[in-house]
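Sequence and computational prediction follow.
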Amino acid sequence: MNVCLAPCPVIFDLDGTLIDSAPDIHACVNAALRSQGYGTLSLQQVRSFIGGGVDILWNRIIAATGIPQTARRDLMAAFMARYQAATALTRLFPGVEDALGVLADRAHPLGICTNKPLAPTRHILQHFGIEQLFGDVIGGDSLPQKKPDPAPLLASLANLGGDPRQRHAIYVGDSEYDAECAAAAGVPFLLFTRGYRNTPIRDLPHQASFDDFAALPALIEAHIPA
Ligand SMILES: O=C(O)COP(=O)(O)O
Ligand SMILES: [Mg+2]
């Protein structure tokens, strides 16, 4: 185990990592589709479209359904009106609260770096009563760049008091976007395997993977960069 004098920042992805939000995103997508007279999609389909933020979500829906591009603006407006405060079907993954508590007790600065827009991100963190644990929250519309661009993760690191040139942090996420972002940023990446990944684990760059948040605090201590 590496010894780390100042506990290093630990930055988390949100959808598919801390929260199982696909059921709410699916419900918002289908409500928007219905409101404009279109057929609905399965949970599995919508889950496979999550990770790149709302623009990519709707690119994928439009590509899969053949809905005309001209319908996009009204569909996205109908979706966003519901998405801002959609929490009814969302759950924290088991063990998340305890793991965050352990890391906070160990004085790791904690951050969120998500492609979900900032307003629904803040809303859901408040809903679960965990917002105060995070010293920095970056959403998909916080910067011009989104993951897999490394800029949001490096901004998060800097906002948490780290030196972005030293890459002294750990990123925890579930998807291709997260793995690629962390690799581009040069930050160690821990992959949660119960999220919304579409790629086999072995094909994603990562330092370690886990399927149970009870294992995360020890995994973090073992992967703190020297
Ligand atoms: O909302 C999305 O598409 C992705 O969100 P995430 O970056 O928290 O996984
Ligand atoms: Mg995710």
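Cool, got the structure. Ligands and ions are numbered 1, 2, ... in the order given.

For the protein, which segments are assigned as helices?
22-35, 43-48, 54-65, 72-83, 96-105, 118-127, 151-159, 176-185, 216-223 (DSSP state H).

List the contacts of Cys113.
Counting by C-beta atoms under 8 Å, 6 or more residues apart in numbering, Cys113 touches Ile11, Phe12, Asp13, Ile138, Lys147, Pro152, Leu153, Ser156, Tyr171, Cys181. Glycine gets a C-beta too; all of them are placed from N, C-alpha and C.

cool, and Thr87?
So Thr87 contacts Asp24, His123, Ile124, His127 (C-beta under 8 Å, 6+ apart).

so how far is ligand 1 from it?
Remark: distance between Thr87 and ligand 1 (C-beta to the nearest ligand atom, to the nearest Å) = 14 Å.

Please identify which of the helices of the chain is closest to His206.
Judged by C-beta to C-beta, the one of the helices of the chain that comes nearest to His206 is helix 176-185, at 5.8 Å.

Let me see the domain layout of this protein.
What automatic domain parsing lists as the domains of the chain is 10-20+90-223, 22-83.

List the single closest residue to the residue in the chain that ligand 2 sits nearest to in space, sequence neighbours excluded.
Using C-beta to the ion, the single residue of the chain nearest to ligand 2 is Gly16, 3.8 Å away. With C-beta to C-beta, 6 or more residues apart in numbering as the criterion, Gly16 has its nearest non-adjacent residue at 3.0 Å, and that residue is Gly195.

What is the burial count for the one you found?
Gly195 has 23 neighbouring residues, counting by other C-beta atoms under 10 Å.

got it, and Asp211?
11.

And for it, nearest residue in space, chain neighbours not counted?
Thr193 (4.7 Å).

wouldn't Phe93 be in contact with Ala22 here?
No. With contacts counted by C-beta atoms under 8 Å, Phe93 stays clear of Ala22, the gap being 11.6 Å.

mind listing what Ala104 touches?
Residues near Ala104 by C-beta under 8 Å, 6+ apart: Leu110, Leu133.

Gly140 now?
Gly140 makes contact with Gly53, Val54, Thr114, Asn115, Lys116, Pro117, Leu118, Lys146 under the criterion C-beta under 8 Å, 6+ apart.

what about Pro68, neighbour count?
The local packing of Pro68 (other C-beta under 10 Å) involves 8 other residues.

shaky segments in the chain?
Scanning the chain for pLDDT under 70 picks out the ranges 1-5.

residues from it in reach of ligand 2?
By the rule C-beta under 5 Å from the ion, the part of the chain lying against ligand 2 is Asp13, Asp15, Gly16, Asp174, Ser175.
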